[in-house]
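1. 3D model of this:
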Amino acid sequence: YDLAFKTLTDPDPAHVALVDYRLRARNGLDLIRAVLESPGVPPMILITGLRDPGLDLIALEAGAADYIPKDDLTPETLDRAIRYAVNRHQTNRDLADTLGRVEALLHASPDLMFRVDRNGTYLDYHSDGGIPLYAAPAAFLGKKMADVLPSHVAHPAILGIVAAIESGEPRRFEYQLDID
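-> Residues are numbered from 1 along each chain as shown. Next up is the predicted model:
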């Protein structure tokens, strides 16, 4: 267990780790849970000789990338599990990087931004606090633009949403509102 923990948390980790469920005094799930708290950990596949019907879900909830019973272990199943685990791991890292960049962009923006769905329903917003809101968030989140904004603002905004969806490109829409 201790050697496996040290190896998996090494600054230059492997691309994938195969973790046996039985590790003397502890088990592979304990190792997976402990290792995942370290940065840069490779995806881990739990391999076990136990036939416990719920162990696969427990392994995935613990952070394992996959679960393979030893009775099902073949070169093909192992190859598939490794390829999928590495691919999902890279996809998750890319997604986390993208999310970090988007959050940094939002926090650097001095403007007020709204996230809306294709029906014009407010899903979320970002404000640096310097721009007053037309209504309190509770009055617009989860509601349609047409129900919150004056029609001279809501109608062009909804047309902009439709254009963005059709083109696949983001749109910028600026407007003025009188705020009491």
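
2. buried ones in the worst-scoring helix or strand of the chain on mean pLDDT?
-> Using mean pLDDT, DSSP states H and E, the weakest-scoring helix or strand in the chain turns out to be helix 2-8, at a mean of 81. For helix 2-8, burial by neighbour count (16 or more other C-beta atoms under 10 Å) applies to 4-5, 8. Every C-beta, even on glycine, is put in place using the N, C-alpha and C of the backbone.

3. again, but for stretch 150-169
-> 153-154, 157-158, 160-161, 164.

4. by contact count, what packs against the least confident helix or strand of the chain?
-> Applying 3 or more C-beta pairs under 8 Å, 6 or more residues apart in numbering; DSSP states H and E, we find helix 2-8 packed against helix 28-35.

5. quick check: buried residues in the helix it packs on?
-> Neighbour counts over helix 28-35 (16+ other C-beta under 10 Å) mark 28-29, 31-32, 34-35 as buried.

6. rewinding a little: ok, so of the buried residues of helix 2-8, who is nearest residue 89?
-> Checking the buried residues of helix 2-8 against residue 89 by C-beta to C-beta gives residue 8 as the nearest, at 13.2 Å.

7. give the contact list for the closest residue to the closest one other than its chain neighbours.
-> Excluding the flanking residues, the one nearest residue 8 by C-beta to C-beta, 6 or more residues apart in numbering is residue 35, at 4.6 Å. By C-beta atoms under 8 Å, 6 or more residues apart in numbering, the contact set of residue 35 is 5, 8-9, 41, 44.

8. let's see that with 7 Å instead.
-> Residue 35 makes contacts with 5, 8-9, 41, as judged by C-beta atoms under 7 Å, 6 or more residues apart in numbering.

9. pull out the buried residues from stretch 123-137.
-> Going by 16+ other C-beta under 10 Å, stretch 123-137 has these buried residues: 127, 134.

10. tell me the span between the first and last residue of that stretch.
-> Start-to-end span of stretch 123-137 (C-alpha to C-alpha, to the nearest Å) is 10 Å.

11. ok, stretch 66-80 next?
-> First-to-last distance for stretch 66-80 - C-alpha to C-alpha - comes to 10 Å.

12. so how far is that stretch off the chain centroid?
-> Relative to its chain's centre, stretch 66-80 lies at 27 Å (C-alpha atoms, centre = their mean, to the nearest Å).
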